[in-house]
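Visitor: Structure of the sequence below:
(2 chains)
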Number of protein chains: 2
Amino acid sequence: MAATSWEDSVKSLKGVILDMCGVLYDAGEDGGTPIPGSVEAVKRLRASDLKLRFCTNETQATREKFVAKLQRMGFEISVSEVFSPAPAAVAILKERGLRPHLLVHDDVVPEFDHVEKTNPNCVVIGDAAEKFSYQNLNTAFRVLIGLEDPVLFSLGRGKYYKEDDGLNLDVGVYMKALEYACDVEAEVIGKPAPMFFQKVLDDMGIPSHESLMIGDDLVNDVGGAQECGMKGVQVRTGKYRTKVRGYIITP
Amino acid sequence: MAATSWEDSVKSLKGVILDMCGVLYDAGEDGGTPIPGSVEAVKRLRASDLKLRFCTNETQATREKFVAKLQRMGFEISVSEVFSPAPAAVAILKERGLRPHLLVHDDVVPEFDHVEKTNPNCVVIGDAAEKFSYQNLNTAFRVLIGLEDPVLFSLGRGKYYKEDDGLNLDVGVYMKALEYACDVEAEVIGKPAPMFFQKVLDDMGIPSHESLMIGDDLVNDVGGAQECGMKGVQVRTGKYRTKVRGYIITP
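Guide: Numbering: from 1, shown residues only, chains lettered A, B, ... in the order given. Below is the predicted model:
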C-alpha cells in the first residue's frame, strides 16, 4: 500500500528541486567530481515534463563561478535555475537597510560588492572554511556584541559536509558558537528556511505538494522541504554514507 | 533587614574562594596587570581567620607557571591553594581510562604529559585561543565523530573574557560548536561544575554554607557557587563592566 501511495505521489509531481553538493558532485580539492550517474540523471529530468531547479547552501563561490564549475563537469544547468544563500542575503540586507560585517569565503565576497559595509550593524557568516580562524571569529563576535540589537545572519545551518579527505565543519557550527557567545538567535538564510524553498517554488509556479526535493541532508534538504509541504527524498550519496554509491530513493 | 542578614552571613563565614582573572588581575599581552587593591585584599584575607583558596578556569598555562606569574605581581599565593581545570581533567581521564585528543593552549599541554594520548577515545578542549583554527577544530571534530560513543570534555564553559584590547572568545563557544556538530553534550570540568567547587570545599574542610565565592562571572562563579549552597559575590571588575573599577560587593 505504501508503495502505491508513493507511486501516486510521483505521478502527481510537476517539479523537482535538486540539492547539489553530495547529490550531483562530491566536493574536493580540485572543485570536486561528479557522482556517477548524476549527469545522466539531470539529462533525464530535462527530457521529462518536470520543471527543474537547483537549490544549494553553497557559499564558497559566487553563483556564476559555481554554475560554471558544474557546467565543466558536464551538467546542463544555468545560473537562473540555481538558488543559493548569498544572493538571497543581499536582497534581505538591502530590504532592511543593514550593513553587514562579512565572515564568508573569499570567493563569495563579490556577491556582496554592491552592499554598503561601512559601520556594520549586523554580521553575516557563510561557510568560510579556513577563514574561520580564532581571530576572524573573534572580530565577528566583537562586532555583534557591540551592537545594541545584535543581528546575525547565517548562510545555512549545516553541521558538516563531505570532501574527498573526510568530513568538514560547516557554517552551522560557527553559527551556534556566535549564538552562544552573544545570546542571540541567528536568522538562517538558505535551506532549511521555509522562505528559501518558497522562493524556488514561486519561480517554478508549482504548489509545494506537487514538488519534490532531493538532497543528501536529512534535516536541511528533506526535513526543510517536508516542512513546506513538499515531498523529500534523501539520496545515499554525499554525507549520507561514505561507502554506498548510486541513487536509491528512500520513501 | 536584607543588610542585617547579609552581615550575619558574613560573620558566619569560615572560608573564601577567589576567582583570579578579572578579580585579582586583568589578562593582557604581558601576562596581565593586577587590579588596584587586589594584592592588599588578599593580604587582609590572609591576616583574618578565614581560610583562603583560589579557583580559576585558566587553561592557558600550567598551574605552576600561572601561580609564579601571580607571585611576580605581588600576590601571596601557593600552588596547593589553586584549583584549575587541567589537573582535575587529568584525574578524571586516569580514573576512567580515557585517552584524550587535546585541543588546548600549548602552554597547558605539559599538565597532560603523563596521560596516554595514542589512539584517542575522547576529546578535551580548553581555552586554546589562536589554536582554535578551522583546521584544529575540524581535527577534533573528526576524532569525536569517529568515536562510537563520543566523549567531549570542556575545561570551562565561559563565553568570553576581557583582555587589554577587548573581549575574547572563551572555550565555551567552541564547546557549543562541537556539541552541535556531533550531537553530544560536553562534560564541563571547572567552574560552574558542582564537583569542581566541592573539591575546593573538601580541601578547606568547610561546609558550603560557611563559604563565599568571589568572582566576576555571574554564571560560572556566582551562580555555580550558589548551586552548591555557597554564597556568591560578583565584583565589578574584569568582564563585569569595562568602566567601573574597584571592589564593590553586590549582595
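
Visitor: Neighbours of the closest residue to A:Lys231 other than its chain neighbours, how many?
Guide: Spatially, and ignoring its direct neighbours in sequence, A:Lys231 is nearest to A:Leu212 (4.5 Å; CB to CB, 6 or more residues apart in numbering or on different chains). Backbone N, C-alpha and C define where each C-beta goes, glycine included. Neighbourhood size, A:Leu212 [other CB atoms under 10 Å in any protein chain shown]: 20.

Visitor: Is A:Leu212 in a helix, a strand, or coil?
Guide: Using DSSP: H, G, I helix; E, B strand; the rest coil, the structure places A:Leu212 in strand.

Visitor: and the angle from the host helix or strand of A:Val143 to helix B:134-145?
Guide: Per DSSP states H and E, A:Val143 falls inside helix A:134-145. Computed by axes from the mean of the first three to the mean of the last three CA atoms, to 10 degrees, the angle separating helix A:134-145 from helix B:134-145 equals 90 degrees.

Visitor: Check which strands are paired with the following helix or strand past helix A:134-145 and give the direction for each one.
Guide: Note on helix A:134-145: by DSSP H and E, the next helix or strand toward the C-terminus is strand A:152-154. The strands beside strand A:152-154 in its sheet (DSSP bridges) come out as strand A:122-125 (parallel), strand A:187-188 (parallel).

Visitor: just the ones you listed: most buried one?
Guide: Counting by mean count of other CB atoms under 10 Å in any protein chain shown, strand A:122-125 has the highest mean neighbour count of the strands paired with strand A:152-154, with a mean of 26.

Visitor: Report the secondary structure element holding A:Asp26.
Guide: Going by DSSP H and E, A:Asp26 is in strand A:25-26.

Visitor: pLDDT averaged over that strand - what is it?
Guide: For strand A:25-26, mean pLDDT is 92.

Visitor: for that strand, packing partners?
Guide: Contacts defined by 3 or more CB pairs under 8 Å, 6 or more residues apart in numbering or on different chains; DSSP states H and E place strand A:25-26 against strand A:33-34.

Visitor: Can I get whichever helix or strand comes after the strand it packs on in PDB? Just the C-alpha atoms.
Guide: For strand A:33-34, the following helix or strand on the C-terminal side (DSSP H and E) is helix A:38-47. In PDB, the C-alpha atoms belonging to helix A:38-47 read as follows (Å, rounded to 0.1, in the frame of the first residue of the first chain):
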ATOM      1  CA  SER A  38      24.300  12.200 -11.800                       C
ATOM      2  CA  VAL A  39      25.000  14.000 -15.200                       C
ATOM      3  CA  GLU A  40      22.700  11.400 -16.900                       C
ATOM      4  CA  ALA A  41      20.000  11.800 -14.100                       C
ATOM      5  CA  VAL A  42      19.800  15.600 -14.800                       C
ATOM      6  CA  LYS A  43      19.600  14.900 -18.600                       C
ATOM      7  CA  ARG A  44      16.700  12.500 -18.000                       C
ATOM      8  CA  LEU A  45      14.900  15.100 -15.800                       C
ATOM      9  CA  ARG A  46      15.300  17.700 -18.500                       C
ATOM     10  CA  ALA A  47      13.800  15.300 -21.100                       C
END
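
Visitor: Show me what counts as buried in helix A:38-47.
Guide: For helix A:38-47, the neighbour count (16 or more other CB atoms under 10 Å in any protein chain shown) marks A:Ser38, A:Val39, A:Ala41, A:Val42, A:Leu45 as buried.

Visitor: List the buried residues of the next helix or strand after that helix.
Guide: Scanning forward in sequence from helix A:38-47 by DSSP H and E, the next helix or strand is strand A:51-55. By neighbour count with 16+ other CB under 10 Å, strand A:51-55 contains the buried residues A:Lys51, A:Leu52, A:Arg53, A:Phe54, A:Cys55.

Visitor: Hmm, A:Leu18 and the first one touching each other?
Guide: Yep, that's A:Lys51 we're talking about. No. At 11.5 Å, A:Lys51 does not count as touching A:Leu18 under the criterion of CB atoms under 8 Å.

Visitor: Where does pLDDT dip in the stretch 151-251 of chain A?
Guide: Counting by pLDDT under 70, the stretch 151-251 of chain A shows low-confidence ranges at A:241-251.

Visitor: Nearest residue to A:Gly22 in space, please, no chain neighbours.
Guide: A:Gly22 sits nearest to A:Gly238 (CB to CB, 6+ apart), 1.9 Å away.

Visitor: cool, A:Leu24 as well?
Guide: A:Leu24 sits nearest to A:Ser38 (CB to CB, 6+ apart), 4.7 Å away.

Visitor: which residues does that neighbour contact?
Guide: A:Val23, A:Leu24, A:Tyr25, A:Phe75, A:Tyr247 (CB atoms under 8 Å, 6 or more residues apart in numbering or on different chains).

Visitor: Now restrict the residues you listed to buried residues only.
Guide: Looks like the contacts of A:Ser38 have A:Val23, A:Leu24, A:Tyr25, A:Phe75 buried, using 16+ other CB under 10 Å.

Visitor: returning to that earlier point: would you point out the most distant pair within the contacts of A:Ser38?
Guide: A:Phe75 and A:Tyr247 (15.1 Å; CB to CB).

Visitor: what's the domain layout of chain A?
Guide: Following automatic domain parsing, one finds the domains of chain A at A:2-84+A:191-234, A:85-188.

Visitor: What count of nearby residues applies to the nearest residue to A:Ser12 once chain neighbours are set aside?
Guide: Excluding its sequence neighbours, the residue lying closest to A:Ser12 (CB to CB, 6+ apart) is A:Glu210, at 5.8 Å. A count of nearby residues for A:Glu210, using other CB under 10 Å, gives 18.

Visitor: Among the strands paired with strand A:152-154, which comes closest to B:Phe197?
Guide: Once the strands paired with strand A:152-154 are compared by CB to CB, strand A:122-125 is nearest, at 35.3 Å.

Visitor: Quick one: end-to-end distance for stretch A:42-62.
Guide: End-to-end distance for stretch A:42-62: 22 Å, by CA to CA, to the nearest Å.

Visitor: swap in stretch A:73-85?
Guide: End-to-end span of stretch A:73-85 (CA to CA): 22 Å.

Visitor: mean confidence for it?
Guide: 96.

Visitor: So which bits of that stretch are buried?
Guide: A:Met73, A:Phe75, A:Ile77, A:Glu81, A:Val82, A:Phe83, A:Ser84, A:Pro85.

Visitor: Now, those residues that are in helices?
Guide: Judged by DSSP state H, the subset of the buried residues of stretch A:73-85 located in helices is A:Pro85.

Visitor: filter the buried residues of stretch A:73-85 by proximity to chain B?
Guide: When contact is defined as CB under 8 Å from any CB of the partner chain, the buried residues of stretch A:73-85 do not meet chain B at all.

Visitor: could the buried residues of stretch A:73-85 go into a markdown table alongside distance to A:Met195?
Guide: Shown next, in a markdown table, are the buried residues of stretch A:73-85 (distance: CB to CB, whole Å):
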| residue | distance to A:Met195 |
| --- | --- |
| A:Met73 | 29 |
| A:Phe75 | 26 |
| A:Ile77 | 23 |
| A:Glu81 | 19 |
| A:Val82 | 17 |
| A:Phe83 | 11 |
| A:Ser84 | 14 |
| A:Pro85 | 11 |
